[in-house]
Every structure is written in C-alpha cells, then in structure tokens.
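*Asks:* build the 3D model from these lines:
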Amino acid sequence: MKTFGASALFKLCLALLVAFAIAGPASAAKELHRGNGAEPKGLDPHQASGDPENQILGDMFIGLYTEDNAGTAVLGAAEKVETSPDGLRWTFTLRDHKWSDGQPVTAADFVFAYRRVLDPKTASEYASILFPVKNAQKVSEGKLPVAQLGVSAPDAKTFVIDLEHPAPYLPEMMTHYTTFPIPKHVVEKAGMDWTKAGTMVSNGAYMLAERRPSDRIKLVKNPHFFDAANVKIDSVYFYPTTDESASMKRYRAGELDTLDRWPLTEVKWLKANIPNEARAYTGLRVQYTVFNMRSGPLADRRVRVALGEAIDRKEVLAKVYFDAYGDEALNVLPPGMANVDLSAKVPWAGKTMEERRAEAKRLLAEAGYGPNNPLKLSYNHLNRPDTKRYAIALQNMWKLIGVDVELNAKDFAIHYDLLKTANFEIAEAGWIFDYNDAQSVLFLFQSSNQGLNYPGYKNPAYDALMAQAEREKDAATRGKYLGQAAGLLINDVAVAPSCFQYIRPLVKPYVLNWQHTPRGVNRTRWLDIGDKPGDGATASVPDSGTQASEGDFWSWLASWFDPEAWRKWWNS
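*Replies:* As a prediction, the model looks like this:
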C-alpha cells in the first residue's frame, strides 16, 4: 500500500478544495446589476411617480395584469377575468399565491390598496389614473367615503371592479404600479414604515433585501412567488445612474450589466466598438416644454406660441443630440399610438424657421414685449449632460426672438417636485406612456388632474372631449375624440412637443432574453445570465519546483483554475 507523506497530504487537501472551487461557479447565484437612472423617490407604489420606481416596483409586485417579456399585458395575479356585456363590471378570479412572508394574497388586499391610493389622506400623485373606477374621482376629492369606491371582494379569491365608463385599455393600465395590491396585514401594522427592508413584503418575483439611499437597492428572489421555479436570476441590484459619463465607465468596467441610457456624446464610440450592446429604438415616449400658464406672461397664448415656435427642433436633434436622441414631435401622441386620430399638428407645423422667428417676434410685440420691455423668464431642466446642452440651445434660440431666459438645473426628484407644486415658469418634461392608449398622456391635462397637470391647463372643451371619449364604446369614434383633444392641447400650447425619444439602453451580451419593449420595461423575472467573458479562464498555479506557501494557496484558490493544470501539478 502506498503511504502518504505530509507533502502528499497537503496536495490532497488542496486538490479537494480546488475541486469545490471548480464546481462552485456552475451553481453560483446569478446576480444582475442594473443602472436605473435617478434615485427612486420611494418604494410605496402609492407615492411613486417616475420610471426609476416603475422598474423596481414591477420586479417586486404583480397586479391583476402584468407584462410578458415583450411588454404585452397578460394576466398576472388574476388567473381569470369576466367582463359584463356593457363593459362596466370586471370580475377577477385571483390565482393561489402568497406574499413573500408566506401569507396568502387575497381580494381584500386589492380592495385595501385601491381605497388607499384614492384616499385624499394618501395624497397619491397618480390617483387620477384610477378615475375610470366608479366613484374614484369623488373619493379622491373627498366628496365620498372610500367605502363607496367601486371595488369589492365577495370572497377571498374574487375581486370586482365597477367602472364609470367602458375602458378597453384596462388590461394595459393595470400593469401600472398604482394598481398593484399591497399587504394589508403589514401596512396596517407598520404604517409608513412598511417599505423598510426587513418589514416590506411583496407578491412579485422579487422582495426587498436592502436599500442604501443614493447607492443601491437589492432585491432577492421571492421563494413564495407563484412562478418562482422559472425565475432564473437570484438577485438584482438597482443603482442610481444620473451621471451618464460615470455610469458608462462603470458599465465598461463590468460593474453594471445594463444601463438605462447611454450617453449621447459616446454615440460614435459605441457604434464603432459595441454596436450590439448599445440599443436604440422608438418607444412610447414624448418630450415637451411645459409652460406654467396659471398667471404672468405665460398666461398669454401669444407668448407661449412665440416660445414654442422659436425652438429649432431639427437643429437640436442633429447638433445637440447627434441624431441619436429621437424624432421631431409635432403632437404629443407618437407614431404607433393605437386607435387614435394623429392628424393634429402644432401651430407652427410646415413653416420655415425664418417664418417662425418673424412670427414669434410679432406675437411678442403684440403681447407688449420688445427692446424697451424685454421678456425675462426662467427655464428648469434636469441636471444631466444632455439636458444641460439642450437648455443652452433653447436659451440661445429664445434670445434670437428677444427673450432672456435664466437656466436652472435640478436633480430629478427636486425638478419634478417643482413641476407638481407649480414652482416654475418654463420647464423640461416628458412622459413615458403607461399603456398604449392616448388616454395615458391626455389624462394629464384634464382640469381634474391636480398632481400631474404641470401647466395648470383648464379648457372646458378639452375636458368635454375627454369625457365623450370615456363614454364612447366605438373604438374609431373614441379615437376621433381623443385626437381632437390632443389638437386642442397643442393648439393652446399648454406644452410645446419637442421629440419622440428613443429608448437607448446598454445591455451586456450575456444578459439573455432582453427585448425591445414599447415602454422600455424589461422585468428581471424574464431575464437570465449567460456565460460572461472570462468564465472558465485559466489561472497560474505554483511552479512544481517551488514550495507552495499559505499565501500562494489562498490567492491561487480564489482564482479560476484549469483542471488539467492541477492534475499535472498533482502528478509532479
């Protein structure tokens, strides 16, 4: 029998440990690191209002409907739905599933959530998205108690929604986080602290594990999710990435697997070096300039028209945005919008820039502004490299018609808080459609919308058209009303459309199943992580003629190792 000395025993121990090291990566937990734009305002679905929150909350919660991998609305928390002949009652049968703490999700959780979001005490900025629900607007305005909201739970698995009017867009609308259930048993106990890590529970594919403000949010796989067996990625990290240049460096260094948008200044390098990773495609998004028309100079339509038509959008898209940002917008409704008349155009459509500048000066003179009484205004914009360059371009274009504009750069949360509280004169804004229907953007400008009607637009004719569209069952007629409403909005120049933005994420090749979705929503549930560059790479091993020290061993063990190399070393 062959005997083993100390050296051989040491080698045997090393070999066994290396075997574990080699086997480890095959079963290692899969992590996804996502650059997510701005720091989320919060994780309460009833207090959220931006896309950064949407990306996170959509991984944690699942509503009656959810998005499939292509971004299409499919049944989610509900396994069946029945609609009454008049389209006014939707009855959902919930599937058997649980919150991440193991408690069952019931219809009472949905009733609790819908009442809470519409309760005036909650002050949810997105409450108006639920106004199609019976009595929702009156409840939101405090005119009716929340108990009279048109939702009910006949039993634990049945959730009924009664509507004010038919809403054929309801499935897509219900993928929005405002319609998600929230855990009644946790919220009633923890109050506003229910969103803290360690307390918060969710019913989606992931649950909150950690939140470090201005650093990262970590979600881990929810073992109680009804489809957990098909969720491939074990944990996902969301990082605020407002500094696009710094975020690009993190992406190139491998710290981020995806980035919500790539810097326009890097477009040439990206096309030359990683064109397969730098995506760009038209989505359901619109950018516009908002005018606070409540009082002052901007209450005068002539001033708003002058400012809107003085913007040379084609020049901006070519020289400021390097023809990589989007397409010129002459409406707030993008091409590809379903079931709507898109014929309306802004008042300056079809005119040359020379004609537009001349008319802008004339309109300003009519309004009482000129060399002896110059118009001075301020413009708020996001504190990002792209939007800073855009703001400077606008400032110069407005100077050409005799308007002096001061520029104010603000971080994301502050910028939109100022818009919501009407503390601005002119501002940059944009909208990512919550569903493929004109209602998704036009509802913003109804006079009943208190939180998101940034310009303070109030036009009875507009409200009447929106009401007609809400009551209309025929899709073509409804689309005509919505198109006319869009025409009123842009003719009144409450906003001046700028462009239809491209969705332009950066995605590593090993992030699998990422698709181009209409709203730029890619739920982690559907993704996977493939082999990364360097997987299986060999590492150097101690030379057979030298004695392995403890330090050599640990550094060697920590690296990737070639099985054939250690077999040769063992045989030495």
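
*Asks:* give the contact list for F443.
*Replies:* The contact partners of F443, by CB atoms under 8 Å, 6 or more residues apart in numbering, come to S128, I129, F131, N449, M466. (C-beta placed from N, C-alpha, C; glycine too.)

*Asks:* same question, E67
*Replies:* G58, A73, V74, T175, T517, V521, R523.

*Asks:* my read: Q47 touches A127, true?
*Replies:* No - if you go by CB atoms under 8 Å, Q47 and A127 don't touch, sitting 10.9 Å apart.

*Asks:* got any ranges where this protein has weak pLDDT?
*Replies:* Scanning the chain for pLDDT under 70 picks out the ranges 1-27, 534-572.

*Asks:* kindly recompute the last result at 50.
*Replies:* Where the chain drops to pLDDT under 50, the residues are 1-4, 6, 8-26, 536-572.

*Asks:* quick revisit: who has more neighbours, Q47 and A127?
*Replies:* A127 (24 against 17; other CB atoms under 10 Å).

*Asks:* setting aside sequence neighbours, what's the nearest residue to that one?
*Replies:* Leaving out its chain neighbours, the residue that sits closest to A127 by CB to CB, 6 or more residues apart in numbering is S140, at 4.8 Å.

*Asks:* measure the one you found to A123 for me?
*Replies:* 10 Å (CB to CB, to the nearest Å).

*Asks:* those two - which one has more neighbours?
*Replies:* S140 (25 against 12).

*Asks:* just the C-alpha atoms of the helix or strand where V290 lies, please, in PDB.
*Replies:* If you go by DSSP states H and E, V290 is part of strand 285-291. This file holds the C-alpha atoms of strand 285-291, laid out as PDB (Å, rounded to 0.1, in the frame of the first residue of the first chain):
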ATOM      1  CA  ARG A 285     -42.300  58.400 -25.100                       C
ATOM      2  CA  VAL A 286     -42.600  62.100 -25.700                       C
ATOM      3  CA  GLN A 287     -40.600  65.100 -24.500                       C
ATOM      4  CA  TYR A 288     -42.000  68.600 -24.300                       C
ATOM      5  CA  THR A 289     -41.600  72.000 -22.900                       C
ATOM      6  CA  VAL A 290     -44.100  72.900 -20.200                       C
ATOM      7  CA  PHE A 291     -45.400  76.500 -19.700                       C
END
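
*Asks:* after that strand, which helix or strand is next?
*Replies:* Following strand 285-291 in sequence order, the next helix or strand is helix 301-309 (DSSP H and E).

*Asks:* outline the domain layout of this protein.
*Replies:* Domain assignment for the chain by automatic domain parsing gives 6-29+536-571, 37-239, 244-280, 282-503.

*Asks:* would you mark the buried spots in the third one?
*Replies:* In this case it means domain 244-280. If you call a residue buried by 16 or more other CB atoms under 10 Å, then domain 244-280 has these buried ones: 244, 247-248, 250-252, 256-267, 270, 274, 277-280.

*Asks:* and for stretch 504-517?
*Replies:* Neighbour-count burial for stretch 504-517 flags R504, P505, L506, V507, K508, V511, W514, T517 (criterion: 16+ other CB under 10 Å).

*Asks:* which of those residues sit farthest apart?
*Replies:* K508 and T517 (17.7 Å; CB to CB).

*Asks:* and the nearest residue to N54 once chain neighbours are set aside, how many residues sit next to it?
*Replies:* Spatial nearest neighbour of N54, excluding adjacent residues (CB to CB, 6+ apart): Y177 at 6.0 Å. If you count neighbours by other CB under 10 Å, Y177 ends up with 23.

*Asks:* what's the separation between Y177 and L43?
*Replies:* Distance of Y177 to L43, computed by CB to CB: 10 Å.

*Asks:* anything in contact with each of these two?
*Replies:* Counting by CB under 8 Å, 6+ apart, the common neighbours of Y177 and L43 are E53, L57.

*Asks:* where along the stretch 51-200 of the chain do the strands fall?
*Replies:* With DSSP state E, counting those that start in this stretch, the ranges of strands along the stretch 51-200 of the chain come out as 65-67, 73-75, 78-83, 89-94, 151-155, 158-162.

*Asks:* relative to strand 151-155, how tilted is the last one?
*Replies:* Angle of strand 158-162 versus strand 151-155, following axes from the mean of the first three to the mean of the last three CA atoms, to 10 degrees, is 150 degrees.

*Asks:* what's next to strand 158-162, contact-wise?
*Replies:* Contacts for strand 158-162 (CB under 8 Å, 6+ apart): 64, 78, 88-94, 107, 110-111, 133-134, 150-154.

*Asks:* can you rerun that using 7 Å?
*Replies:* For strand 158-162, the surrounding residues in contact (CB atoms under 7 Å, 6 or more residues apart in numbering) are 88-94, 107, 110, 133-134, 150-154.

*Asks:* and which of the contacts of F443 is nearest to S202?
*Replies:* Nearest to S202 out of the contacts of F443 is I129 (CB to CB; 20.3 Å).

*Asks:* the closest one is in contact with Y177, isn't it?
*Replies:* No - with contact defined as CB atoms under 7 Å, I129 does not reach Y177; the gap is 9.8 Å.

*Asks:* what number of residues lie near the residue lying closest to P181 once chain neighbours are set aside?
*Replies:* In space, and not counting its chain neighbours, P181 is closest to D109: 4.3 Å by CB to CB, 6+ apart. A count of nearby residues for D109, using other CB under 10 Å, gives 26.

*Asks:* which residues are in contact with D109?
*Replies:* Contacts of D109 (CB under 7 Å, 6+ apart): P181, I182, P183, K184.

*Asks:* contacts only, for R389.
*Replies:* Neighbour list for R389: V320 [criterion: CB under 7 Å, 6+ apart].

*Asks:* surely it is in a helix?
*Replies:* Yes - counting by DSSP: H, G, I helix; E, B strand; the rest coil, R389 is found in a helix.
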